[in-house]
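Q: need a 3D model of the following:
(chains A and B)
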Amino acid sequence: MSVNDAAPRRSGSSFTALWRLGPYLRPVGVPVAGAAAATLAALLCGLTIPLVTQRIIDGPLTNGRTGQAIWLILLVAALGAAEAGCFYGRRKLIARPTALVESRMRADLFRHLLRLPIGFHEHWQSGQLLSRAVNDLVTLRKFLAFAAVFLVVNSLTLLVGLALLFSIEPSLALVGLCSFAPLLLVSFFFETRYKAAAREVQDQTGHFTTIVEETMLGIRVLRSFGQGRARARVFRDQARLLRRGEMRIVRIMAALSTALLILPELGIAGQLALGGTGIAHGTLTLGDLVAAVTVSTYLRWPTECIGWALAETSTAAAACDRYWEIRDTEPDITDPPRPRPAAQPVRGALRFENVSFQHPGADRPVLRGVDLEIRPGETLALVGATGSGKTTLAGLVPRMADVSAGRITVDGVDIRELALTELRTIVGCAFEDPMLSSLTIRDNVALGAPDATDDEIRAALRTASAEEFVDALGPDGLGTRIGEQGLSLSGGQRQRLALARAIVGRPALLVLDDPLSALDLHTEAEVERALRRVLRNSTALVVAHRPNTARMADRVAVLADGRIAALGTHRELLDSSAHYRSLMSVTPLRTPGAPDGEVMSR
Amino acid sequence: MSGGEPAAEVLEPVSAAVPEAPARTADTEAVEDAAVLDRATHRRVRRRSRALLYSLLRPWRWQVVVAMAALILENVAQLIGPLLIAQAIDHGIPRAVAGDSGRLMWCVAGFTGCGVLAAAARFGFFRLSGAIGQSLLLDLRTRIFQHARRLPVAFHESYTSGKVISRLTSDIDAVRDLVEGSLDGLLTSLLTVAGITVLLLWLDLPLALIVLVSIVPLVMMTRWFRERSQRAYRRARNTVADIITQFGETMNAVRAVQAFRAERRKHAAMNDLNEVFRDAHTEALGVVARYTAGVRLAGNIALALVLALGCWRVNEGALPLGVLTAFVLYLRRFYDPLDELATFTNLYAAASAALEKISGFLATPSSVPEPEAPKPLPADRPGRGRLVFRAVDFRYAADGPVVLHRLDLTIPAGQTVAVVGATGAGKSTIGKLAARFYDPSSGQVLLDGVDLREIADADLRRELTLVTQENFLFTGTIAENIALARPGASRAEVRAAAEAIGADAFISGLPDGYDTEVRKRGNRLSAGQRQMVALTRAFLADPTVLLLDEATSSLDIPTELTVQRALGALLADRTAVIIAHRLSTVLAADRVLVLEHGRVVEDGSPRELAVAGGPFGLLYARWSASLGEDADPDRPGAAPGAR
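A: Purely as a prediction, here's the structure:
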C-alpha cells in the first residue's frame, strides 16, 4: 500500500482533470446551481423529518397532548411533499445542462479532429478517437448528472448530519465521526488505484473498437482468406483484456463497498453502547439516542454513495484526460494569421520550389528538392515507380501536409499564406482511394460543391462518364445510397464518382491521383476522352501509371529518388529517358497462351 | 426458424428459446427503429430480448444462486440490525437504567456482529457478481462479433460498420451499467422491501396495511415510467449508432473532407445527430425525475399516515412506543430501496432498449448460410479446381436488375480465364459468386462437382481465394498482414511469398522491414504497395482456385510485369479467374470470356478471338492502336477520340 502502487500514467489529480470542464460548465451554471440547491433542500427536508418524528415521540406521545401531534404530523407530510418536489427539481434541472455539456464537448472534439492534419489521423486509430467521442463523453455526462451531484450533496449531508449529531449529543457525534473518518483515507487510496484501472479500461475499449471497425471494414479480405475465425481470436483476446481491466475495477469496488458498509455500522453500535450507558447514568434521554441512531442510519446511504461517487469521479477524470489528449493537440496546418487574397482571376500557375518532405519521425525524406512548374492551362503528368512519392507530392498542393522545406506557390503566392478554404476552393482533388461514404450519390459528389444543383452534379457525372451507370443503379438515380465506402460499386465506378466530385466545383487547379487506374478496358477510352475535355480547360497535376494517361499530358515529370529526374513531353521522354521507358514499358508476359509478340513488337 | 443459422453453436440457446421468432429482414429492422413500437412488435421484441438475457445467464445459474445467497445473507444481517436496536431501546436500556447493562451490551455485540457478517457477505457478492457480469458481457460481445463476421458481405454494405460498433460498444455499455451497477441494487431492494414488509406486518398489522396500500400507486408509476423511458432510450440507441457511423465515416475520409472544405457541413451533420441524442437523454432524465419524485412522495405520505395512526394508537395504549420507533426506522429502510428500485428501473429501460437492438442484430439470418451437413472436399480428389456455373441467374436485390442471365460456364482445373467486359457487365459478380460472397438467385455454382452451398466455409476458403480491388490492411506489421492468409506461416515463408511477387524489395526498404507497422489502414504505403501486400497474401494462401478482381490496377508497369511473371508461375497449375483491365493480362490467359449485360458473348483463346472480328477483336484492335501510338501518335486508327 505504498504510493508506488499508483499507476505511472496518472497525469494529475482528478480535480485538475475535471477543472478543465469549466468552460463547458459555466454556461449551464444557473440550472446546475439550481439543481444543487434543490438537492440541498431535499436533503434538509430529509434530515428534518426524523427530527420532527423525534419531537412527536418525545413530546405529545410522552405527555399525552395529542393536539400538538397533529400539527407535527402535518409538518412531516409537508416536508415529505417538499422533499419529493426537490427530487423532481434536481433531476429536471440537471437533465438538459448535462446533456448539453456532452453534446458540446463532442461537437468541439469533432470539429477539432476535422482541423487536425492527415499526419495526426494516420497515427491515431479511429477506434481510439471514436471511444473518446462516444464512450468517454457518455461517462462524463453520467458523472455530471449523477455522481457529481451526489458527491457534493452527500458530502454536505455527512457534514450536516454530523452537525446535527453534535447538536443532539456531542459524545454520540464523536463516536459517529470516528466511524466516518477512515472513509477519507480509504477513498484516497482507492482513488489513485482506481483511476489507473479506469484509464486502462478506457484505453482497452479504444483498442477494442478499432478491432471491431477494422474487422467490419476488412470483412471481404477476411472472408476471401477464410480468416474470420483467426480474427475472432484476435477479438476475443482483446475482449478478455477488457474484461481483465473491468475485473480489476470490480475487485477494488468490492473492497471499497465492504469498507463503506462496515464503518457506519460500527459507528451505530458504538452509539448504542455509549448512549445506553448514558441513559443509565441519566446524562441522555431516550429521544436523544433514538434521534442520534436515526440520523446515523440516515447517513449510511450517503456514506456508501460517496464511495461510489468517488469511483465515478476517478473514471470521469480519466475520461477527461483522454478527451484533452486530443483537444490539446494543436493542428499544425492552419490558416495564416493574416491570409493573403489569391490573385484574381485565379490563373492556376503552380510552382514547386525546392520542395522537400519528410514524414515526422521518419529517418529519411520522401522528397528532396523538387523544382517543378505547371503553367496555367497546362496538364502535367507525374510519373514514378510505386512508392516514389507521387501521392505525397500531390497531397502537398491542397496542404494535406506541409512541405518540410522549400515552398509551393499558386500564382506566385505561397499556399501557406492563403486561407485554407480559399486554397482548397482553388484546388480540386481526386485521391487514389476514392473515399466515398455510405451516403447517396448526390451527397458524395456534392462534397466538392455543397451548393451544386442536380443539373450541375449530373453535368459533372456526365463529364466523368458516370451518369449512365448511376442511372442504371436504380430508380433513385442521384438519391441511390452506395453502401459503406461505396464498396457496392466497382473500382472503376468509384473512381469516376471521385472524378466527378473533383470537377463539380470547377476548380482552377486539378490534382488527380491515378484517376484511371481501376477503369476497365471498355470504360477507359470513354473516361480518357472525358478527361481530355476536362483537362483542356484547367491546370492539372495528374499522377499517372499508364502510358495513355501520361500521353494526355502536355508535359511529363518523372519522380525518382525524391527529385524530378526528367521533364518533357511523353515522346521526348520515351526517347531520352531509359527510366521512363522502363516505367512505360508495355512488353507483355510471354506465356503459351499469348500471341507471341505480334502486338508488342514495334 | 430463420432458415438454418450459420454454424450457430452460440446462437442455439436464443433460437431454442424463441422458436416462433420470424426471420428479421430490413423491413422488421425499420419497424423496430421507431421510437414507439406497435403492440405486436413490442411484444415480439421484448420476448426476444428476454430470451437473450436468459440464455446469457443460464450458464451461470449456480453462481447466480450463490451470489443471491450471499446477498440474502447480507440483507438478513442488515435487517436484524434495527430489531436489535429496538430490543436495546425497549429492554436493554430500561435494564441498564436499573443497573444491569448486560442485555444492552449483548444487543450492541449482536448489532456489530450483524454488521461484520453483512460486510463479508457483500464482499463475496460483489466479487462473484462482478465475475458473472463480466463473463456475461464477454459472452455477449463474442456472440455479436461472431454473428457479425458470419453475416454476408451484402449485409455489411448496408448495415455499415458504425452500427456493428455501436452494438458492440455503446449498446453493451448500457447492458453493463445494468449488470454492474444495479443488479445488487435490485435484489437488495426487493429483498429489503420483502423482508421489511414481513417485519412490519409482524410489528403492527394496521400500520403495515397503510404501507402496503402505498405500494399500489408505486406499481402504476413504475409501469408508466418503463414505457416512457424505454421510448426515450430507444431513440438514444438509434441515434448513437448514427453518431458512430457518421463519426467513423468522416474520420476514414478525413482527407476528402478537408480537401473539399466539408468540415463545416460534416460538423453541422454531426450537430444534428448530437442534438437528437441530447434531447433523447434530456427526455429520459425528465421521465426519471417525475418517477423518483412520485416514489418519494408516496413514501413520505405513507410515513405521515403511519405517524398519525401510530400516535393515536400509542395514545390509546394499543402500541408500545418502542414498536412505533422501530416501525418508523424500518419505514425509512422500506422507502430508501425504492429509490434504488427507480435507479434500477431506469437502467433496465436503457439496457432493454440496447438488448432490443442486440437481439435484433443476432436474429438477422445470414443470406449465405453455412451448410448444416457439409460435404467434404477430399484433398486427394482428382482434378482439383474445376469450377462450374450451372444456369446461374443473379440479381443483388430481389427487385433489382438481373446481373447474370443463365450463365453456364465450365472452367476446367488449371485453366486461367480472363473476364473482360464493360462496367456493369457482371465481371465482378462472377468472382463474388465463385467466392460465395453471394449465392446465385437460381442455378448452381460448383467446385469439383460440389455445390458451394454444401461446402463448409473453412474448406471453401482453403480451396479458393478472391483478391479484390480494395486491399484492406489491418493494424499491425507488414508481416502480420501478409500472414493473415495463413496464420502460423513462418517469417521465411512470408518472405518467400513476398520475393515471389516482387514485394520484397520495397518491404525491405521500409524502416523496420517486415516489422514495419502499417499505421491506420496502411496509409503510409502507396496504393500500389498495398496491392503488392494483398497479392503476396494470395500467394501465401496457396489456393486451388484464385480469383483476381482488378488486383493490379495501381501498380506501375514494371512492377505489374514482375507480378504477372510471378502469377504466371503461380497460376500454371491452378484454376484462375482474372477480371482483367489490361491487354497484357488478357493475352497471358488460356481463355477469354467477353461479357455483355450479364451474358457471355464471346468465349475462346485470346489468339482466336483477336482475329474473330467480334467485340474482343474490336477491343484488341483499339488496344494495339493505343500501344502503337507511342511509336506513331498520328497514325490512323489511333484510340477513338484521341486528340
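Q: right, and residue A:552 touches residue A:534 too?
A: No - taking Cβ atoms under 8 Å as the definition, residue A:552 is not a contact partner of residue A:534, at 10.2 Å. Glycine gets a C-beta too; all of them are placed from N, C-alpha and C.
Q: looking at those two, which is more packed in?
A: Set residue A:552 next to residue A:534 and count neighbours by other Cβ atoms under 10 Å in any protein chain shown: residue A:552 wins out with 24 against 21.
Q: could I get the phi/psi values of the spatially closest residue to the more buried one that is not a sequence neighbour?
A: Among residues not flanking residue A:552 along the chain, residue A:532 sits closest, at 5.8 Å (Cβ to Cβ, 6 or more residues apart in numbering or on different chains). Dihedral angles of residue A:532 (phi, psi; degrees, to the nearest 10) stand at phi -60, psi -40.
Q: can you check residue A:354 too?
A: Dihedral angles of residue A:354 (phi, psi; degrees, to the nearest 10) stand at phi 50, psi 50.
Q: next, count neighbours for it.
A: Using other Cβ under 10 Å, residue A:354 has 12 other residues around it.
Q: swap in residue B:112?
A: 20.
Q: kindly report the same for the one 4 residues further on.
A: By other Cβ under 10 Å, 14 other residues sit near residue B:116.
Q: ditto for the one 10 residues further on
A: Taking other Cβ under 10 Å as the criterion, the count of residues near residue B:126 is 23.
Q: give me the distance between it and chain A.
A: Between residue B:126 and chain A the computed distance is 3 Å (Cβ to the nearest Cβ, to the nearest Å).
Q: and what of residue B:594?
A: Shown here: residue B:594 relative to chain A, a distance of 10 Å by Cβ to the nearest Cβ.
Q: if you count neighbours, what's buried in the helix or strand hosting that residue?
A: Secondary structure assignment for residue B:594, by DSSP states H and E: strand B:591-596. Using 16 or more other Cβ atoms under 10 Å in any protein chain shown as the burial criterion, the residues of strand B:591-596 that qualify are B:591, B:592, B:593, B:594, B:595.
Q: of the residues you listed, just say which sits nearest to residue B:331.
A: If you rank the buried residues of strand B:591-596 by distance to residue B:331 using Cβ to Cβ, residue B:595 comes first, at 81.3 Å.
Q: is the closest one bridged to anything, and to what?
A: Taking DSSP bridges as the rule, residue B:595 bridges to residue B:421, residue B:600.
Q: any idea of the mean pLDDT in the lengthiest helix in chain B?
A: Looking across chain B with DSSP state H, the single longest helix is helix B:263-316. Averaging pLDDT along helix B:263-316 gives 87.
Q: show me what it is packed against.
A: helix A:29-58, helix A:60-63, helix A:66-115, helix B:205-213, helix B:215-252, helix B:321-362 (3 or more Cβ pairs under 8 Å, 6 or more residues apart in numbering or on different chains; DSSP states H and E).
Q: let me know whether the last one sits next to chain A.
A: Yes - Helix B:321-362 comes into contact with chain A (Cβ under 8 Å from any Cβ of the partner chain), by way of B:321, B:324, B:325, B:328, B:329, B:332, B:333, B:336.
Q: now do the same contact list for the closest residue in space to the fourth one that isn't next to it in sequence.
A: Closest residue to residue B:328 in three dimensions, ignoring its sequence neighbours and counting by Cβ to Cβ, 6+ apart: residue A:53, at 5.7 Å. The contact partners of residue A:53, by Cβ atoms under 8 Å, 6 or more residues apart in numbering or on different chains, come to A:76, A:294, B:307, B:328.
Q: turn these into a markdown table, including neighbour count and distance to residue A:114.
A: Shown next, in a markdown table, are the contacts of residue A:53 (neighbours: other Cβ atoms under 10 Å in any protein chain shown; distance: Cβ to Cβ, whole Å):
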| residue | neighbour count | distance to residue A:114 |
| --- | --- | --- |
| A:76 | 26 | 58 |
| A:294 | 23 | 57 |
| B:307 | 25 | 62 |
| B:328 | 22 | 60 |
